[in-house]
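Student: only geometry, no sequence info:
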């Protein structure tokens, strides 16, 4: 049996959770004040995932970068592969929020989408 | 043939004042500066005070230069279009027992021919400066004391010298000096230059250059002064420059408004070995913060926006050395220029120029331009004129630095004018962009963009102050 | 001179929400003055997610959250000026602004909503000793360089301050290829969300050193390293605990200051605790018809609450324009003070005028320390009217209580409402 320690992230209380594991199986979760702590520990220790946000270079706009994210959360161990996969990507303006910038990033079957609207260089007009 | 008639080592206020005075004459002058800009050493980190002249010993060079410099500053500031104000100074006496020493100071001032000195009693002092400590029992008031912007003074002297024909070599460090039969050879990181005369205005390094050519060694100690600068909202806390008579707790620190309306506190006086040791220390800052309360009450210390330290070039004899070196003909020292060096610079320039004029038989130029126009500050214009200016050049309608309200137009002017700014510090010292309460948090990326555009370089090549001081180290993900 | 009913100073989350709300409450002539090149304010550089859980019930990134409000501003055809700096606001509500196209211009407003946000505390405010080389950035400046310009401010990073911006930047720098060596925090606890400590630091093995500060910065041209030391309970460095970290960058995330230079200039009274305006139940300052919301009023930790507060300010400004201003409708201005005591640092608002109060009023506040198993107690004069149990309250998390008009009208002679933290 293996003991794992983590901090619950659901609220400012930050309960120190102690989890007993047998291989990949969770035997017990202790230290949580509410049931959200239990659920968090189980997810975090068996299938931890993260949303990744980053930036991608833009061509054809006054903006240099467009902000992006993984459309859904991806396995935690894929986070670094995900940002590496964005290294040489260049997106062409115009870009709208939700546009797919990279499909199936780092083999996660999750797409990278734009989180900001980027106009083309000649589309800038002054406010009314 | 020499490369230059006169080589000046150092682009601080002294070197630039000498350069500017020499530029009145038909003479080939070059300033050698190891940094990428003028005003990078002692001249950039001091109190910005124009001293009245009661401190230095009667008959000393310090006293002579101080008085003359103070007198010349007004016309100079007008000619060069820089902020200067005679706000007056007070030396507080916080203890009855110390009264004889206040009188001593008064008498020395009279001997030095300082004009308008008065000893004020407690009530008079508090009426003049309500925020002065209740402990005050009297003060020496000097109406001729003033404040000047040290950056602008230094920049303006350099620009004016440059416009009148003086050459400036930046990032050119003099590494050795060899005596020739007549004149000198300066060995620099950018080659060897010869000059008939050398002016040694190298600040804390002046002893090093002096000792390369003379057997009569001098020694200069770097004396660090830590300062704290408060936001403009605290700038009216005192109007005069407030000094304290050295008492049983040692020498006090000054509290003064700056020429641009901030409040400055300091300096400490800590002798150090490292001539580049401009780092502040906790002890230094604590000393400043601890001592200011003795002379001025209710200081809004939450308004501190930055602290910094400068090095004064303290010579062992406690005196300015402004003379031709006895055993090195044509080598003129301008050494040991600590306080009141800023005040004295117009006089130092005049003195050395006169000396060289006589030695070299210099002839005045007919086309010398004494006036220099500073960077246009739209803030100072009436609204109508300001509106017209923006119509003519919309860059003056684009605020870059929100704290000091500095426009793109002013920054572009700072970059394009003679000896223009090449770095963020260069822009800052010329325009004040980045010098305000947020300390460039907002304007840094925007000023970088303007510098890159104007010098036609990549953003990644923009530096804080030349050399290895790049702001960014690469682009996103470049090492992934 | 142009005339507008409501002039909103700042087009960040507060200004946008205030504008939308004022429009929805029937005001035609509204203009937002924004100093940056686009609407959205600081959200544009906050590309991480976690925004909008309260407002939109989904997790958005900063730019996405801003876009939701920008779309509404556009849909409502609300006017805005970009790249426009407000230079001055007079007590008579004449706004002087400047931009490249129009130069200096003036707008007469009936009501003004202050929504200028905040700025970061600089290094100088902390008196951190050492050299002053390149490579020292406030976290937000670094965030802008990385997220909007695509430039990396450094390769080896030490961060001072564990507020959310500091933590977020630790992860951002890491994911852009920098090595974050350590995050130091002066306080014995982090001001940031637990989630950020886990997902921004622990995920990448970045150590968090509580009760530590920077005592020296080395490097004359570019940062070469910083020295951290442990501090005692008064925040003073303990000699002998120094540890040197070589790095080329120091990021500072050491607090935010509401940007009230314009407010101060027009005579708006400020609260020394929040550095923001003192406001009444309508989020109105001491100058009639001048309202404040968002980070210029008090620094928030969640943008959702900024939007909510700004909606309230927008609505109140609208009813001011329609009521007091245009109809001369004046109700009794008898005021009840809200006092912050024992553990409560401040409240927003600070006064209530029951006649102007909505049926429900949110009073937001922050506490001065970490309190576990405590009660948030409300007193009407000396009478304890409510005690809400909390497992934990901390300075990093803004708290709120709700007062109802009915409840207040039941106490007609009340002078003071007091908020306290008490032991449970």
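Tutor: Here it is on my side, so go on. The structure presented is a predicted model; accordingly, all values stated were derived computationally and were not measured. Numbering: from 1, shown residues only, chains lettered A, B, ... in the order given.
Student: interface residues of chain A facing chain C?
Tutor: A:6-14, A:33, A:50-55, A:57, A:63-65, A:67, A:69, A:76, A:79-80, A:83, A:97, A:115-117, A:126-128 (CB under 8 Å from any CB of the partner chain). C-beta coordinates here come from the backbone N, C-alpha and C atoms, glycine included.
Student: correction: the previous question concerned the stretch 151-300 of chain B.
Tutor: B:228, B:229, B:233, B:276, B:278, B:279, B:280, B:281, B:282, B:284, B:285, B:289.
Student: out of those, which are buried?
Tutor: Buried subset of these (neighbour count, 16 or more other CB atoms under 10 Å in any protein chain shown): B:228, B:229, B:233, B:278, B:279, B:280, B:281, B:282, B:284, B:285, B:289.
Student: what about the first one, helix or strand, and which?
Tutor: I take that to be residue B:228. According to DSSP states H and E, residue B:228 maps onto strand B:220-230.
Student: partner strands of that strand, with direction?
Tutor: strand B:263-266 (antiparallel), strand B:270-272 (antiparallel), strand B:304-315 (antiparallel) (DSSP bridges).
Student: list the contacts of the shortest one.
Tutor: Just to be clear, that refers to strand B:270-272. With contact meaning CB atoms under 8 Å, 6 or more residues apart in numbering or on different chains, strand B:270-272 is reached by B:221, B:222, B:223, B:224, B:225, B:226, B:281, B:284, B:311, B:314.
Student: let's see that with 6 Å instead.
Tutor: B:221, B:222, B:223, B:224 (CB atoms under 6 Å, 6 or more residues apart in numbering or on different chains).
Student: report the buried residues of that strand.
Tutor: For strand B:270-272, burial by neighbour count (16+ other CB under 10 Å) applies to B:270, B:272.
Student: what do you get for stretch A:12-30?
Tutor: Under 16+ other CB under 10 Å, the buried positions of stretch A:12-30 are A:12, A:13, A:14, A:15, A:17, A:19, A:26, A:29.
Student: could you do stretch C:242-261 as well?
Tutor: C:245, C:247-261.
Student: how far out from the middle of the chain is it?
Tutor: 18 Å (CA atoms, centre = their mean, to the nearest Å).
Student: residues contacting residue B:230?
Tutor: B:262, B:263, B:303, B:304.
Student: could you redo the last one with a cut-off of 10 Å?
Tutor: Neighbouring residues of residue B:230 by CB atoms under 10 Å, 6 or more residues apart in numbering or on different chains: B:237, B:255, B:257-258, B:262-265, B:299-306, B:437, C:124.
Student: put the buried members of the residues you listed into a PyMOL selection.
Tutor: PyMOL command restricting the contacts of residue B:230 to the buried ones, with burial defined by 16+ other CB under 10 Å:
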select buried, (chain B and resi 237+255+257+258+262+263+264+265+299+303+304+305+306+437) or (chain C and resi 124)
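Student: any residue of stretch C:192-200 up close to chain A?
Tutor: Yes - judged by CB under 10 Å from any CB of the partner chain, stretch C:192-200 comes into contact with chain A at C:193, C:194, C:195, C:196, C:197, C:198, C:199.
Student: any buried residues in the strand or helix carrying residue B:78, and which?
Tutor: Using DSSP H and E, residue B:78 sits within helix B:61-80. Using 16+ other CB under 10 Å as the test for burial, helix B:61-80 gives B:61-70, B:72-73, B:76-77, B:80.
Student: kindly report the same for stretch C:413-423.
Tutor: The neighbour-count check on stretch C:413-423 (16+ other CB under 10 Å) flags C:414, C:417, C:418, C:419, C:420, C:421 as buried.
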